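[1] Next comes the sequence, and after it the predicted model I'd like to discuss.
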Amino acid sequence: HFSLSCIGEGNGLLTCFYLVGIPPLPESLFLLVFVIFLLIYLFILVGNALILVAVVIEPSLHKPVYFFPINLSALDILFTTTTVPKMLSLFLRGDRYLSFSACFLQMYLFHSFSCSEAFIQVAMAYGRYVAICCPLHYPVLMTPQTNAALAASAWLTALLLPIPAMVQTSHVTFENIVHTYRCFCDHLAVVQASCSDTSPQTLMGFCITMVVSFLPLLLVLLSFAHILASVSHLLVVGTYYSSIAIAYVAHRADLPLDFHIVGTVVFAILTPVLNPLIYTLRNKDVKIAITKMACPQNLGNSWALNP
């Protein structure tokens, strides 16, 4: 059916985006996928919210080392909330329509937050490099003002970087109902669904992808070339940047459509699950802070018994 709420203006025509979802997935499995995605989404929200609250209210966590992880926690909440609720609605209610403006807003936020996370990862890698290779200079190089400037630069750059691609793509020709072979609107899927020649849009998207994935990955690898990096941190970095780059590389290599669809879904939900598990929730101080919030009386008794 056609929802009136999905109507929007696009190139002088009434344009609506129809999310095809995951074509090989039978509808009999939609409810199971909905439950799995819902549980993952709730874990992301609760886990990252606990991290944010713990770092804010616990004085012992007011340290530079926790500054960038809480930025990641905020980003993960925003990043997944941009896409997952619509995916849940699709699998539960069959709600596949997005208006022109809603699709482009979702696309812009999705790419902005993913860019922010890419740049925050670089800032974290730089902080680790300074802490391990130049420990005596760490208090001077990684001041609260420096951290705030790095984070603000990452957020601001990421908010501005996707704008040219969004504006350029908004001017291509679309049919009234555009079939988008994804579970949400992303740049590559929308460009592929256009009726006009999209070579300039694809090229711009490819260039931005290189800036957001390969360049930060190179900087991260250079920093870790000087230190013995933890395997878990490399896992998140590798998963994050490679998933961004593979989408466009796979498009150039004409790999099957299912590969693109599954890749974008994994990218949208896997990294936000890994971030709190690897960077923050395993940290002893964070565990103590969260336990203190949940069971302050029991923790106090425990400390009294174990002075």
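    Thanks, I have the structure now. A quick note: this is a predicted structure, and the numbers were derived from the prediction, not measured.

[2] so what's residue 285 up against?
    Counting by Cβ atoms under 8 Å, 6 or more residues apart in numbering, residue 285 makes contact with 58, 60, 61. Backbone N, C-alpha and C define where each C-beta goes, glycine included.

[3] before we move on, what SS does the closest residue to the last one other than its chain neighbours have?
    The one in question is residue 61. Using Cβ to Cβ, 6 or more residues apart in numbering and skipping the chain neighbours, the partner closest in space to residue 61 is residue 55 (4.6 Å). With DSSP: H, G, I helix; E, B strand; the rest coil as the basis, residue 55 sits in helix.

[4] which of the contacts of residue 285 count as buried?
    Buried by 16 or more other Cβ atoms under 10 Å: 58, 61, out of those.

[5] Let's have the contacts of residue 285 in JSON lines, adding secondary structure, pLDDT and distance to residue 45.
    Listed next are those as JSON lines, based on DSSP: H, G, I helix; E, B strand; the rest coil; pLDDT from 0 to 100; distance: Cβ to Cβ, whole Å:
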{"residue": "58", "secondary structure": "coil", "pLDDT": "84", "distance to residue 45": "20"}
{"residue": "60", "secondary structure": "helix", "pLDDT": "82", "distance to residue 45": "25"}
{"residue": "61", "secondary structure": "helix", "pLDDT": "81", "distance to residue 45": "20"}
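
[6] any chance of the contacts of residue 285 in CSV, with distance to residue 68 too?
    Below are the contacts of residue 285 laid out as CSV (distance: Cβ to Cβ, whole Å):
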residue, distance to residue 68
58, 17
60, 18
61, 13
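
[7] sorry, back to before: verify the stated contact: the residue nearest to residue 61 with residue 71.
    No: in this structure, residue 55 is not within contact of residue 71 by Cβ atoms under 8 Å, at 10.5 Å.

[8] Show the secondary-structure elements that the longest strand along the chain is packed against.
    Counting by DSSP state E, the longest strand found in the chain is strand 13-19. Here strand 13-19 touches strand 8-10, strand 97-99, helix 100-133, strand 177-180, going by 3 or more Cβ pairs under 8 Å, 6 or more residues apart in numbering; DSSP states H and E.

[9] Remind me what the helix or strand containing residue 35 packs against, helices and strands.
    Using DSSP states H and E, residue 35 sits within helix 30-57. Packing contacts for helix 30-57, counted by 3+ Cβ pairs under 8 Å, 6+ apart, involve helix 67-93, helix 257-275, helix 284-294.

[10] For this protein, give me the ranges with low pLDDT.
    1-14, 226-260, 262-263, 266-267, 271, 278-282, 296-307 (pLDDT under 70).

[11] tell me which residues of the helix or strand harbouring residue 209 are tucked away?
    For residue 209, the host element (DSSP H and E) is helix 199-209. Neighbour counts over helix 199-209 (16+ other Cβ under 10 Å) mark 201, 202, 204, 205, 206, 208, 209 as buried.

[12] now the angle from the following helix or strand past it to helix 100-133?
    Remark: after helix 199-209, the chain's next helix or strand is helix 215-224, criterion DSSP H and E. Angle, helix 215-224 to helix 100-133, by axes from the mean of the first three to the mean of the last three Cα atoms, to 10 degrees: 10 degrees.

[13] Could you report the distance from residue 269 to residue 51?
    18 Å (Cβ to Cβ, to the nearest Å).

[14] circling back to that earlier point, looking at the helices and strands packed on strand 13-19, which is closest to residue 168?
    helix 100-133 (11.6 Å; Cβ to Cβ).

[15] The closest residue to residue 62 other than its chain neighbours and residue 275: what is the separation?
    Leaving out its chain neighbours, the residue that sits closest to residue 62 by Cβ to Cβ, 6+ apart is residue 55, at 7.6 Å. In this view, residue 55 and residue 275 are 14 Å apart by Cβ to Cβ.

[16] Check residue 98 too.
    Distance from residue 98 to residue 275, by Cβ to Cβ: 27 Å.

[17] before we move on, what about residue 191?
    28 Å.

[18] neighbour count winner among those two?
    residue 275 (26 against 21; other Cβ atoms under 10 Å).

[19] quick one, what contacts the more buried one?
    Counted by Cβ under 8 Å, 6+ apart, residue 275 has contacts 48, 69, 72, 73, 76, 236.

[20] Let's have these in a markdown table, adding distance to residue 37 and neighbour count.
    Output for those, formatted as a markdown table (distance: Cβ to Cβ, whole Å; neighbours: other Cβ atoms under 10 Å):
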| residue | distance to residue 37 | neighbour count |
| --- | --- | --- |
| 48 | 16 | 25 |
| 69 | 24 | 24 |
| 72 | 21 | 24 |
| 73 | 20 | 26 |
| 76 | 15 | 24 |
| 236 | 20 | 21 |
